[in-house]
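In: here is the input, now give the coordinates:
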Amino acid sequence: MSDLDVMVDTPGLGDQITVMICENSQVQLRILSKAVEEAGYCVQTARSAEAVLEQMQIRPADILLTGIEVGPMTGLEACWALKANPRTESVHTIVITASGQERRLEESLDAGAYDFIRKPVNMTELRARLRAASRLVRMQKQFRKLAETDSLTGTANRRALMQCLEAEIAQARSQGTQVAVVMLDLDHFKRVNDTHGHAIGDRVLVATVKAVQACLPGRERLGRLGGEEFVAVLPDATPEFAAIMAERIRQAVAALQVTNNLGEVVPITASIGVSISSADGQHDTPDSLLLAADDALYEAKENGRNRVVFAGTTMRGTRRAAG
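Out: The predicted model follows:
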């Protein structure tokens with residue numbers, strides 16, 4: 001049996017699977033919740049399809065177990081809405097059908113449901129279907145992680161980073177907050193590779209990532225744009241907070257003690273550019289924030305490296321020199 005087989009097989013191994021149960025009957029909701037909890041899953045509940053969509057935006061569940069008639073919006077309509085949203089499209093939906101609703105099974109599958117179960121719900125059957133769903137969910141998570149992770153450093157890759165930034169900009173816009181971008185580039189990294197070899201260069205990159213991640217206290221996301229260039233996305237940021245975080249990161253990188261094969265310390269510093277979304281966020285995009293941070297980073301390089309520059313004091317659209 002492979003490690004992946006073990007990882008995706010049962011609840012309790014790896015990340016706990018969360019099941020959202022949607023039922024408009026309080027009695028049925030209580031019975032199903034107890035059975036699902038006893039099977040080892042984390043449970044969220046909703047009394048309507050509208051509540052499902054609202055809760056999923058805040059904290060997406062892995063599996064949705066829903067009836068069909070659950071308010072003005074049906075469970076099938078909620079399923080359609082979940083599949084149409086990139087944030088929730090991977091939710092595994094199991095539809096509960098009542099007697100006489102057999103004709104709606106085809107509708108359920110067309111709406112994006114993966115499975116169905118008939119009332120009265122047989123708890124043994126329910127547990128079996130949840131185990132099967134859990135295996136698929138864990139497998140999808142593993143594949144998604146592989147597709148979104150930089151293989152060397154374990155950070156988000158460029159694609160995942162752009163998706164994260166886009167989502168944080170949208171959330172900041174809706175909540176009236178700001179999101180900051182901290183872009184760092186290791187100084188004279190080509191010289192490190194040329195002098196000490198690419199294996200030491202890789203060691204420097206991995207050590208840099210660990211140092212930066214240790215500076216990030218919460219929801220912040222670190223990603224690798226490419227080469228020796230990294231970006232930290234800071235949600236719910238203020239200019240003051242972004243400046244403090246950027247300086248903290250600069251100091252952490254400068255304090256690294258990576259040694260070469262002779263035991264000599266390889267000098268490491270980083271130049272950093274910082275940008276932050278506007279107060280209303282109406283015209284902010286991932287590309288515009290990255291361009292502003294990149295221009296600030298160019299300014300940091302031009303003015304001696306190993307420093308932080310905040311966007312707004314630089315010329316837009318300049319081309320940054322290597323190193």
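In: in the chain, which residue is most central in space?
Out: The chain has residue 164 as the residue nearest its centroid, 6.1 Å off, counting by C-alpha atoms, centre = their mean.
In: residues contacting it?
Out: Residues near residue 164 by C-beta atoms under 8 Å, 6 or more residues apart in numbering: 156, 221, 223, 233. Placement of C-beta: from N, CA and C, glycine included.
In: strands - which of these land there?
Out: Counting by DSSP state E, the part of those found in strands is 221, 223, 233.
In: pull out the buried members of those.
Out: For those, a neighbour count by 16 or more other C-beta atoms under 10 Å gives the buried set as 221, 223, 233.
In: any idea of the pLDDT on the first one?
Out: Spelled out, it's residue 221. Confidence at residue 221, expressed as pLDDT, is 92.
In: ok, then the element right after the least confident helix or strand in the chain by mean pLDDT?
Out: Ranking every helix and strand in the chain by mean pLDDT, DSSP states H and E puts helix 3-7 at the bottom, with a mean of 33. Downstream of helix 3-7, the next assigned helix or strand under DSSP states H and E is strand 18-22.
In: that next one pairs with which strands?
Out: strand 42-46 (parallel), strand 63-67 (parallel) (DSSP bridges).
In: can I get the last one as CSV, trimmed to CA atoms?
Out: This file holds the C-alpha atoms of strand 63-67, laid out as CSV (Å, rounded to 0.1, in the frame of the first residue of the first chain):
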residue,chain,number,x,y,z
ILE,A,63,-18.4,17.6,1.6
LEU,A,64,-21.9,18.9,1.4
LEU,A,65,-24.7,16.6,2.5
THR,A,66,-28.0,18.3,1.4
GLY,A,67,-31.7,17.6,0.9
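In: residues of the helix or strand just after that strand that come out buried?
Out: Downstream of strand 63-67, the next assigned helix or strand under DSSP H and E is helix 75-84. Buried residues in helix 75-84, counting neighbours by 16+ other C-beta under 10 Å, are found at 75-83.
In: what helix or strand is residue 126 on?
Out: Counting by DSSP H and E, residue 126 is found in helix 123-148.
In: mind listing what's buried in the helix or strand following that helix?
Out: Counting by DSSP H and E, the next helix or strand C-terminal to helix 123-148 is helix 158-175. Within helix 158-175, the residues that count as buried by 16+ other C-beta under 10 Å are 160-165, 167-169, 172-173.
In: related to what we said a few turns ago, from the ones in strands among the contacts of residue 164, pick the one nearest residue 312.
Out: Minimum distance to residue 312 across the ones in strands among the contacts of residue 164 is 18.6 Å, recorded for residue 233 (C-beta to C-beta).
In: how about the contacts made by that closest one?
Out: 161, 164-165, 168, 179-181, 220-223.
In: repeat that for 10 Å
Out: Contacts for residue 233 (C-beta atoms under 10 Å, 6 or more residues apart in numbering) come out as 156, 161-162, 164-165, 167-169, 179-182, 216, 219-223, 286, 289.
In: swap in residue 195?
Out: 188, 201, 260, 266.
In: residue 229 too?
Out: Neighbouring residues of residue 229 by C-beta under 10 Å, 6+ apart: 158, 183-186, 189, 223, 270, 294, 297, 320.
In: from residue 22, how far off is it?
Out: Using C-beta to C-beta, to the nearest Å, one obtains 44 Å as the distance from residue 229 to residue 22.
In: how about stretch 127-141: buried residues?
Out: Buried residues in stretch 127-141 (16+ other C-beta under 10 Å): 127, 129-130, 133-138, 141.
In: what average pLDDT does that stretch get?
Out: Stretch 127-141 comes out with an average pLDDT of 91.
In: keeping just the C-alphas, turn it into CSV.
Out: C-alpha atoms of stretch 127-141 as CSV (Å, rounded to 0.1, in the frame of the first residue of the first chain):
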residue,chain,number,x,y,z
ARG,A,127,-20.8,6.2,6.6
ALA,A,128,-19.7,4.1,3.6
ARG,A,129,-20.6,6.9,1.2
LEU,A,130,-18.8,9.4,3.3
ARG,A,131,-15.7,7.2,3.4
ALA,A,132,-15.7,6.9,-0.4
ALA,A,133,-16.2,10.7,-0.7
SER,A,134,-13.3,11.3,1.8
ARG,A,135,-10.9,9.3,-0.3
LEU,A,136,-11.7,11.4,-3.3
VAL,A,137,-11.5,14.6,-1.4
ARG,A,138,-8.1,13.8,0.1
MET,A,139,-6.8,12.7,-3.3
GLN,A,140,-8.0,15.9,-4.9
LYS,A,141,-6.3,17.9,-2.1
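In: what ranges in this protein fall below the confidence cut-off?
Out: For the chain, residues meeting the criterion pLDDT under 70 lie at 1-15, 99-112, 313-323.
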